[in-house]
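Peer 1: Need coordinates for the following:
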Amino acid sequence: RIFLLLRLSPAMPFNALNYIGGITAIKFKSYFLSTSVGVIPGLIWTIFVGATFGTVGSKGVDGNQQLDEKSAVNKGVVLGLGIGLGVMG
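Peer 2: Numbers count the residues shown, from 1 in each chain. Down below sits the predicted model:
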């Protein structure tokens, strides 16, 4: 359970958790299940940001092609928010 909570924590880098899992007496099955479940929220967030950025690129921010002259700025804002919120967890 603790290893799963550590995997869900954005404060713990994956490399450090890999080393911790290797030097402790955690069973492989527990390590594998915790890692499999623990990466799902980050994976969903990455897919969501990528899909949103792709939608903004093809349809404009509000589904309207009239914003093409500002689309670079709007894409930058959406991408910046996605990365910023992803980093902050």
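
Peer 1: what are the ranges of the helices in this structure?
Peer 2: 2-8, 14-23, 28-38, 40-59, 71-88 (DSSP state H).

Peer 1: Pipe the ones you listed into a markdown table and attach mean neighbour count per row.
Peer 2: The C-beta positions use only the backbone N, C-alpha and C, and glycine is treated the same way. Converted to a markdown table, the helices of the chain look like this (neighbours: other C-beta atoms under 10 Å):
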| stretch | mean neighbour count |
| --- | --- |
| helix 2-8 | 15 |
| helix 14-23 | 12 |
| helix 28-38 | 14 |
| helix 40-59 | 13 |
| helix 71-88 | 12 |
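
Peer 1: Columns mean pLDDT on top of those, output as CSV?
Peer 2: What follows is these, written out as CSV (pLDDT from 0 to 100):
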stretch, mean pLDDT
helix 2-8, 83
helix 14-23, 84
helix 28-38, 87
helix 40-59, 73
helix 71-88, 69
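
Peer 1: Met12 reaches Leu4, doesn't it?
Peer 2: No: using C-beta atoms under 8 Å, Met12 is not in contact with Leu4, being 11.6 Å away.

Peer 1: Look up how far Gly42 lies from Asn15.
Peer 2: 15 Å (C-beta to C-beta, to the nearest Å).

Peer 1: Please apply the same query to Asn18.
Peer 2: Between Asn18 and Gly42 the computed distance is 15 Å (C-beta to C-beta).

Peer 1: got a list of contacts for stretch 20-35?
Peer 2: For stretch 20-35, contacts defined as C-beta atoms under 8 Å, 6 or more residues apart in numbering pick out Phe3, Leu4, Leu6, Arg7.
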